[in-house]
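1. Got a predicted structure here, sequence first:
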Amino acid sequence: MSIWFWWVVAALFFIILEIFTSGFAVACFSVGCVAAAVSAAIAPEIIWLQVALFAVFSIIAMIFVRPLVLKYMDKGEKPSGPDTLIGKDAKVIEDIQAGEKGRVRVFGDDWQAVSQDGTAIEAGAKVVIVSRDGNILTVKNQ
């Protein structure tokens, strides 16, 4: 078998290995393998050129491609569960008395709610969720 075939096998190996890792680091080596495979298909007898292209293209992928992929993947802290309700609109379904709890409906679910500034909000009013403490939402008028 030709040497380019083994470079392609190595590239596939690195792609499969990337599935089990994070950070797109291993996949950069597959980019280098592809460059080496092209070189091996053109000039199979020049091994040093294949190794050099593997190293250069792997480094280029690490420097330029990896940051773009990581930015696209954006693994920063993101709210999940009830925290995703913050900033969403809700409808008051049970009066929120001054300093007391009432009820709001958000995406079809009922939640206990208190007014942010402690004022009363009548049923039917549209509000915005500003925070959450346990199962009690803090809301303000729109």
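-> That came through fine.

2. how deep is residue 60 tucked in, by neighbour count?
-> 15 (other C-beta atoms under 10 Å). Any C-beta I mention is one placed from the backbone N, CA and C, and that applies to glycine too.

3. Contacts only, for it.
-> residue 31 (C-beta atoms under 8 Å, 6 or more residues apart in numbering).

4. what do you get if the cut-off is 10 Å, keeping everything else the same?
-> Residues in contact with residue 60 (C-beta atoms under 10 Å, 6 or more residues apart in numbering) are 28, 31, 32, 35, 66.

5. Alpha carbons of the helix or strand residue 36 falls within, as PDB, please.
-> For residue 36, the host element (DSSP states H and E) is helix 26-42. In PDB, the C-alpha atoms belonging to helix 26-42 read as follows (Å, rounded to 0.1, in the frame of the first residue of the first chain):
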ATOM      1  CA  VAL A  26      -6.400  16.100  18.300                       C
ATOM      2  CA  ALA A  27      -8.300  17.000  15.200                       C
ATOM      3  CA  CYS A  28      -5.600  19.500  14.300                       C
ATOM      4  CA  PHE A  29      -3.300  16.600  13.800                       C
ATOM      5  CA  SER A  30      -5.700  15.200  11.200                       C
ATOM      6  CA  VAL A  31      -5.200  18.400   9.300                       C
ATOM      7  CA  GLY A  32      -1.500  17.800   9.300                       C
ATOM      8  CA  CYS A  33      -2.100  14.200   8.200                       C
ATOM      9  CA  VAL A  34      -4.100  15.300   5.200                       C
ATOM     10  CA  ALA A  35      -1.400  17.700   4.100                       C
ATOM     11  CA  ALA A  36       1.200  14.900   4.400                       C
ATOM     12  CA  ALA A  37      -1.100  12.500   2.500                       C
ATOM     13  CA  VAL A  38      -1.200  15.000  -0.400                       C
ATOM     14  CA  SER A  39       2.500  15.300  -0.400                       C
ATOM     15  CA  ALA A  40       2.900  11.500  -0.300                       C
ATOM     16  CA  ALA A  41       0.600  11.100  -3.300                       C
ATOM     17  CA  ILE A  42       2.700  13.600  -5.300                       C
END
